[in-house]
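[1] Just the structure for this:
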Amino acid sequence: MALGIESTMSLRIMHISTRLIHGGSQENTLLTCQGQRDRGHQVALVHGPIHGPEGSLASDVPAGIERMESPHLVRDPAPLREWRCERDLRRLIRDWKPDVVHTHSSKAGILGRRAAWAERARAVVHTVHGMPFHRHQAWPLRKLYVALERHAAKRCHALPVVSWSMRDQMLAAGVGTPEQYHLVRSGMEVNAFQKSIDSVATRAAYGLDPDHMVIGTVSRIADLKGHDDLLHAIAPLMRQDQRLRLLWVGDGWRKESRLSLARQLGIADRIVVTGMVGSSEIPALIQSCDLLVHPSYREGLPRVVVQAMLTGVPVVATDADGTREVCIPEKTGRLVPIGNVDALRSACQDHLDRPQLSQQFAEQAKELVRADFTQDAMVDALETLYAKLLA
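    All right, here's what the predicted structure looks like:
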C-alpha cells in the first residue's frame, strides 16, 4: 500500500506488547526500540501491568523511549477489559500520532491491530514471535485464536516472523497472505555473548565447582517449558555420574512443583535455581554451562539456543517450531522429539560420551548464527520493511 514517506526520514514508531516480563519476545522488542532510537526515530512502547514471578523489564527500557502502561492490557481473557483496552489504545494512537504501529504478542497484537487500523495508522505491523494457537491447547480455545488471528491479519500491512516455521503454520491455518510475511530474525547483543568470561567465578557464585558437569536451562519455569521432562531424563544419569548438576536460570509459576518433582526423584540437592536475573547476567551464566538444554514444547525460534551457540556452548533442544532452523541435527546440535524423555536422556548421554563431537557442533553453530542474529540485522530489516510500507 503506497503511504508516502522517504525511508531516511525520522519516524514516529509505537510498539505495543502485552507484558514487559523477562522473555524472548520482550527482549527482542526492547532491542528493536533501542536500535530504532539510535537511528533517529521517535519511539514509544506501550505495555500492560507487570506482576508475578516472571520479573519485569521496565527498568531495562532504554533511555529516550517513551514508555506507557495501559492498565487494561492483560494476558487473560476479560471481555470488558479488552473493550476498555482497545478504547485506550485508540486514544493513545490518536494522541501520539505514530507513522508505524508495531505490535507484539497475542493479546496486544489483536487489540493493537484493531485499534491502529480503526485510527488509520499509516503502517500497521505485527511480529509473530511464537504461535498464538498450538496443538497443546483445548480445541475450542485453539479455534477461537485462529479466528482472532485471521481477523487481525486483515487489519495490518505486514507480518514479520522470527522463523519460517511461524509463517508456514500461520498460512496453513488461513492467517494472512504470503505477501504479508517477512523473515526478521530475532536480534541479539552478539558481542556480549562472544566475550570471554571467567566461568569459574560465575560457577563459584552459585556453589558450582570447576569439575562439575553443568547442564543449564534458561527460561521461565512454566507449563510447556519442559523442565519436568528434563528432570525425568536427567535423574538416571545423575545417579550414575556424581559430577552432574542442573543450573536453572529463571523463575516462574511452576518452580515449586518442579522442585517437588526433583525431590521425589532424589536430585533436588543437585539443582541450582538462580531465580530472576538481569539480562546482563545471562551471557556469563550460559558460558558457565557445559551443555545448554532447551526442552520446550513451543517456540518461535528460541533466543537462548542462539545465545548458547554464540558463546560456543553445545546445545540439546526439542524439535519445537523454528528451533530446527538453527539446531540442525548432527550439524549444529542435537535435536530430539518434543516430550520424548528417552530421546532427551540419550542426547544428554551422547554429549557426555562424545564431548569432541559436541564441540564440533558448537563451532559450526557459531558460524551459522553470528551474522544473521545481530541487533543491527534485525533493525535494518525492519527499516527496509517500514520504508516499503510507507513508500
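[2] Low-confidence bits of the protein, can you list those?
    1-8, 52 (pLDDT under 70).
[3] Okay, helices next: where are they in it?
    Using DSSP state H, the helices of the chain run over residues 24-38, 79-96, 106-118, 139-153, 164-172, 190-194, 199-205, 227-240, 255-265, 282-287, 303-311, 341-353, 355-369, 375-390.
[4] now the ones you listed in CSV, with mean neighbour count?
    All C-beta spots, glycine's among them, are computed from the backbone N, C-alpha and C. Converted to CSV, the helices of the chain look like this (neighbours: other C-beta atoms under 10 Å):
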stretch, mean neighbour count
helix 24-38, 22
helix 79-96, 16
helix 106-118, 24
helix 139-153, 16
helix 164-172, 18
helix 190-194, 17
helix 199-205, 16
helix 227-240, 19
helix 255-265, 15
helix 282-287, 22
helix 303-311, 26
helix 341-353, 18
helix 355-369, 17
helix 375-390, 18
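[5] Dump the ones you listed into CSV; add distance to Glu179 as well.
    Shown next, in CSV, are the helices of the chain (distance: least, C-beta to C-beta, whole Å):
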stretch, distance to Glu179
helix 24-38, 22
helix 79-96, 25
helix 106-118, 17
helix 139-153, 11
helix 164-172, 11
helix 190-194, 31
helix 199-205, 47
helix 227-240, 39
helix 255-265, 43
helix 282-287, 36
helix 303-311, 27
helix 341-353, 38
helix 355-369, 28
helix 375-390, 11
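[6] And those: which comes nearest Gly333?
    helix 355-369 (5.4 Å; C-beta to C-beta).
[7] and that closest one with helix 303-311, angle?
    With axes from the mean of the first three to the mean of the last three C-alpha atoms, to 10 degrees as the basis, helix 355-369 and helix 303-311 are set at 110 degrees to each other.
[8] Counting by contacts, list what helix 355-369 packs against.
    Packing contacts for helix 355-369, counted by 3 or more C-beta pairs under 8 Å, 6 or more residues apart in numbering; DSSP states H and E, involve helix 303-311, strand 315-318.
[9] Restrict it to CA atoms and write it as CSV.
    Presented in CSV, the C-alpha positions along helix 355-369 are these (Å, rounded to 0.1, in the frame of the first residue of the first chain):
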residue,chain,number,x,y,z
PRO,A,355,32.4,-34.2,24.0
GLN,A,356,34.6,-33.7,21.0
LEU,A,357,31.6,-34.1,18.7
SER,A,358,29.7,-31.7,20.8
GLN,A,359,32.5,-29.1,20.4
GLN,A,360,32.4,-29.6,16.6
PHE,A,361,28.7,-29.0,16.6
ALA,A,362,29.2,-25.9,18.7
GLU,A,363,31.8,-24.4,16.4
GLN,A,364,29.6,-25.0,13.3
ALA,A,365,26.6,-23.5,15.2
LYS,A,366,28.6,-20.3,16.0
GLU,A,367,29.4,-19.8,12.3
LEU,A,368,25.7,-20.3,11.4
VAL,A,369,24.2,-17.7,13.8
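[10] Please state the offset of it from the chain centre?
    22 Å (C-alpha atoms, centre = their mean, to the nearest Å).
[11] and what of stretch 102-122?
    For stretch 102-122, the distance to the chain centre is 20 Å (C-alpha atoms, centre = their mean).
[12] which ones are touching Gln194?
    By C-beta atoms under 8 Å, 6 or more residues apart in numbering, the residues touching Gln194 are 310-311, 370.
[13] between those, which is nearest Val341?
    Proximity of these to Val341 (C-beta to C-beta) peaks at Thr311, which lies at 26.6 Å.
[14] Ser257 is in contact with Ala222, correct?
    No. Under the criterion of C-beta atoms under 8 Å, Ala222 is not in contact with Ser257, lying 10.5 Å apart.
[15] what number of residues lie near Trp248?
    23 (other C-beta atoms under 10 Å).
[16] any idea what sits nearest it, other than its immediate chain neighbours?
    Counting by C-beta to C-beta, 6 or more residues apart in numbering, Val273 is the residue found nearest to Trp248 once chain neighbours are left out, at 4.7 Å.
[17] Can you give me the distance of the residue of the chain positioned farthest from its centre to Met166?
    No residue in the chain sits farther from the centre than Gln240, which is 34.0 Å out by C-alpha atoms, centre = their mean. From Gln240 over to Met166 the distance is 39 Å, taken as C-beta to C-beta, to the nearest Å.
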